[in-house]
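Asker: below are the sequence and a predicted model for it; my questions follow.
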Amino acid sequence: MDFGQILKEWREAANLSQQQVAMRSGKVQLTQKQVSRIEQDPLTQNLDLIVAYLHIVAPNKMSEFINGYIQQQLNTSSVISLNPIHQGTNMDNKDELIRYLERTIAKLSQTNNAFIKSSNIADFIAELKDNLKDIHSKPILSAMGPSDAGKSTLLNYILGKELLPVKWQPATCLVTLLMHTQDKPTHFETHKSVYVLKRGFKPHMIYNPEMFNDHLLDAGGRELIKLYGEKDEHDEVRDPNAYMVVVFEEFPILENVWLLDTPGQLIEPEAYDQLEGCSNAQILNDKAKALSAISLVDGLIFASSTTKFMRDEDPEFLHNILMHKVPVEGDKPLANLIILKTHTYSQISAEENAATFSRAANHVTKSFSNTLYGEWDRQLGKLKIPQRLAPLDAEAWKARMQPFFRENLDYCQAFDEQLREMINYLLKHRTTQIENRVLNIKVRLNDFVAATKARLEQSGRSVQEKKEALEQKEARFRGEATGLIERFNKISADCDRVAVEDIALVTDIFESLCNEESMYRFIESRFDDKNEARRAIHKAVGNQLDSKVRRIIEHSTERFVAQTQLVVEEWQKIVPDALGIEHARSLNPDISLTEVGNFDANSAFIGGMAGLTSFGAMAGYVATISSNLGAYILVGKAAGVLTTLGITSSVTTLPALVAATGGPIAWGVALAGAIGFLAYKMFSNWKKGLAKEVVGRMRDSSMIATCQNDIERYWKDSQSALAKAVGALREDTERHIKCLYVEANIAYEQTVLTEAAHILDNIKSGLEGHNL
């Protein structure tokens, strides 16, 4: 469509020259040269000038032209044709390894070799293959912010098509995840593109038919997005259990990242102030949906409207998100963040934008330095290779801020470039994650083959010799296992004491916040403007409680994890080895203690929690095992526990210890809701007046009782999960020992052992030959 020719024809039909159009322009002044440029290439011109032109030459065509203009801008957006770094090499390696493992499994299934069948190598390779397929998921990019910030409009711009519902009032009440059709699993029905899912669903569950079906509420076409995603005229939703809608589309950007749209009103309590009959339980239920979605996000676009850019509650809103997104690179903590000043109309000058960004950056630096920086630095220091958080001054925050208005081409181009950089950053980390997983699986399989060959070399011994050796190992295990079980029991019993201690510490924190003098100092350190303080104090106090309580619970969780991990490691050492494993380790000390064929204590221990929905501090144990970008590969039921917790696919942020339980992260939000939007009396000292009202509302709330109950339940859940894990560890160990005796009683013929050695050599050479 030639928009310039259309405009020219409309001007000529109005019997106007370019000069006459310029002379008739009103508030927005047009020159004859500007009129000429508009007609030559309207898509590169400011929309305000085009609107002024249309008011003169064809006011009745205004809507028709603007709709076509915007759609053309969407269709030609450089975001659609993003050309990020090529991901082919690592994906090729991953897919090639999967194909090799599948071919190997097929060959092993056809063999009748008794030793190979007893080794369970085919089952082990199948679990490795499934573990590799688990990282099909792509980095997830999300737009978050208050409900009036234009998030859905922004994502529609990125997609190049109006797909998501857009209203100024809170419209969507579900998390929307957009995936590419090429990511759609084969077990999905081809004619359905939209899937509505219950709470607890994680994106990588789409590759597990059983888990996916457990969470599925409905499936069909795009009509489901509005049917489940919008409230009706009575402010009610179709199904309160609905949590996420997954939509499969063919937009080019989805080839590199998945897009997540999270409704802002699910986190901001102010959005509910105008809704009658909205219960506190409903509000907290909606907030829990949004908070759980935060853990899925790798790259964040935070939208804040130009009318209140990073003022009022917006900084605390962003703070609440970032507290749960600790960066994996301390020297690049903001590389996965863009802060957009939305609705930045073209009349706003570059100087005004720069001044706004400077003010906002200074305010953010002041607000976040109290809690966020310390939390990030502390978490980064716990890595196997500790990192330090790079200094985050106002300039660092300002560099992540951009103006945005969909009709302003310059703004769109600048945003496109910064978005491209962020997507490349996400893909780089996804590349690293895939490469690490491919390497670890190859090493794991090599170790298994080496351990199995060592067992094979010892299998020529007599049955009597093998049984006597195994009996000695079992006797040693029985003698030491009792003491380890007692240590597990002590860890469990200590949970009651830890709960009492944590409750006391949290109560002290709450009481300190309920002191008017302390609250006055808290307000004074964060707010200079009384109106902004009135609107944002509830979130600031909520975030403060969240930060303090999180630190207490995580500190207790870390002690629990360290004690538990030590006992599991000692259990691993005393479990009887499969025949020949000691010899294999003497030849290659790098062979893992946890190979199947020996015994994988961690997988057995964690697998015992399969099916649980509440893990308590045991979630911290799993997160610790899985924290090093997939360096430790869990197999069997344990891999399913990772999926349930949703800590298998993080690209740019560290796994959360406590957040994975769904517990303490909601306390700060609940307190913010209890304090609410304040309208205090105007005392001569407004900070003292505000402090008094905040403290009064906190004391009137039931928040401290809620915290105490949640902490008690957290440690009860820890005890229950630990009992399940220990029970599974003992059962799997007994099963392992029985299998060792079965194997020891087998007298293999030499031809069987020779054939088995040949099969194992082929597996090893196949890995090396593919240079995987």
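Answerer: Sure, I can see it. Numbers count the residues shown, from 1 in each chain.

Asker: distance of the closest residue to Glu480 other than its chain neighbours from Ala601?
Answerer: Counting by CB to CB, 6 or more residues apart in numbering, Ile574 is the residue found nearest to Glu480 once chain neighbours are left out, at 4.8 Å. Using the backbone N, CA and C atoms, a C-beta is placed for each residue, glycine as well. Distance check for Ile574 against Ala601: by CB to CB, to the nearest Å, it reads 10 Å.

Asker: between the two, tell me which one has more neighbours.
Answerer: Ranked by neighbour count (other CB atoms under 10 Å), Ile574 and Ala601 place Ala601 first, with 23 against 17.

Asker: surely that one meets Trp571?
Answerer: Yes. Using CB atoms under 8 Å, Ala601 makes contact with Trp571 at a distance of 5.2 Å.

Asker: relative to the host helix or strand of Met244, what are the paired strands and their orientations?
Answerer: Assigned by DSSP states H and E, Met244 belongs to strand 242-249. Using DSSP bridges, strand 242-249 pairs in its sheet with strand 175-180 (parallel), strand 194-198 (antiparallel).

Asker: can I see the domain layout of this protein?
Answerer: Following automatic domain parsing, one gets these domains for the chain: 3-75, 162-250+258-297, 301-326+336-342+352-433, 464-747.

Asker: which stretch among these comes nearest Asp447?
Answerer: domain 464-747 (4.7 Å; CB to CB).

Asker: what's the end-to-end length of that closest one?
Answerer: The first and final residues of domain 464-747 sit 10 Å from each other (CA to CA, to the nearest Å).

Asker: from the middle of its chain, how far away would it be?
Answerer: 18 Å (CA atoms, centre = their mean, to the nearest Å).

Asker: strands along the chain, start to end?
Answerer: Remark: strands assigned in the chain by DSSP state E are 140-144, 175-180, 194-198, 216-220, 242-249, 258-261, 299-305, 337-342, 401-403.

Asker: which other helices and strands contact the shortest one?
Answerer: Using 3 or more CB pairs under 8 Å, 6 or more residues apart in numbering; DSSP states H and E as the contact test, the elements touching strand 401-403 are strand 337-342, helix 350-368, helix 409-458.

Asker: in its sheet, what does that strand sit against?
Answerer: Applying DSSP bridges, strand 401-403 is found paired with strand 337-342 (parallel).

Asker: quick check: mean pLDDT of the partner strand?
Answerer: In this model, strand 337-342 has a mean pLDDT of 94.

Asker: quick check: angle from that strand to helix 350-368?
Answerer: On the basis of axes from the mean of the first three to the mean of the last three CA atoms, to 10 degrees, strand 337-342 is oriented at 130 degrees to helix 350-368.

Asker: so, low pLDDT: which residues of the stretch 451-600 of the chain?
Answerer: Residues of the stretch 451-600 of the chain that meet the criterion pLDDT under 70 lie in 578-598.

Asker: please enumerate the helices of it.
Answerer: Ranges of helices in the stretch 451-600 of the chain, per DSSP state H, counting those that start in this stretch, are 463-513, 516-526, 530-574, 581-587.

Asker: helix 409-458 and the first one, what's the angle between them?
Answerer: Just to be clear, that refers to helix 463-513. 150 degrees.

Asker: same for helix 463-513, what does it pack against?
Answerer: Other elements packing on helix 463-513 under the criterion 3+ CB pairs under 8 Å, 6+ apart are helix 516-526, helix 530-574, helix 686-700, helix 703-744.

Asker: how about the shortest one: buried residues?
Answerer: Of all the residues in helix 516-526, those buried under the rule 16 or more other CB atoms under 10 Å are 519-520, 522-523, 526.

Asker: quick one: contacts of that helix?
Answerer: Contact partners of helix 516-526, identified using CB atoms under 8 Å, 6 or more residues apart in numbering, comprise 366-367, 370, 512-513, 533, 537, 540-541, 544, 687-688, 690-692, 694-695.

Asker: would you mind checking those for buried ones?
Answerer: Of the members of the contacts of helix 516-526, the ones counted as buried by neighbours, 16+ other CB under 10 Å, are 367, 370, 513, 533, 537, 540-541, 544, 687-688, 690-692, 694-695.

Asker: using PDB, list the CA coordinates for stretch 400-407.
Answerer: Below are the C-alpha coordinates for stretch 400-407, written out as PDB (Å, rounded to 0.1, in the frame of the first residue of the first chain):
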ATOM      1  CA  ARG A 400      18.600   0.800  30.800                       C
ATOM      2  CA  MET A 401      15.800   3.500  30.400                       C
ATOM      3  CA  GLN A 402      14.200   4.200  27.100                       C
ATOM      4  CA  PRO A 403      11.300   6.300  25.900                       C
ATOM      5  CA  PHE A 404       8.600   4.400  23.900                       C
ATOM      6  CA  PHE A 405       5.600   5.400  21.800                       C
ATOM      7  CA  ARG A 406       4.600   2.900  19.100                       C
ATOM      8  CA  GLU A 407       3.900   5.700  16.600                       C
END
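
Asker: who's in contact with it?
Answerer: Contacts for stretch 400-407 (CB under 8 Å, 6+ apart): 47, 69-70, 73, 153-154, 157, 303, 306, 334, 337-346, 348, 353, 357, 360-361, 411-412, 414-415, 418.

Asker: what's the offset of it from the middle of its chain?
Answerer: 25 Å.

Asker: just stretch 393-406 next, same as before
Answerer: For stretch 393-406, the distance to the chain centre is 23 Å (CA atoms, centre = their mean).

Asker: mind putting the helices of the stretch 451-600 of the chain into a markdown table with distance to Glu236?
Answerer: Converted to a markdown table, the helices of the stretch 451-600 of the chain look like this (distance: least, CB to CB, whole Å):
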| stretch | distance to Glu236 |
| --- | --- |
| helix 463-513 | 35 |
| helix 516-526 | 37 |
| helix 530-574 | 26 |
| helix 581-587 | 62 |
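
Asker: quick one, which of the ones you listed gets closest to Asn320.
Answerer: helix 530-574 (5.8 Å).

Asker: that older thread, so which of the helices of the stretch 451-600 of the chain comes closest to Ser17?
Answerer: Ser17 lies closest, by CB to CB, to one member of the helices of the stretch 451-600 of the chain: helix 530-574, at 51.3 Å.

Asker: tilt between that closest one and helix 516-526?
Answerer: 100 degrees.
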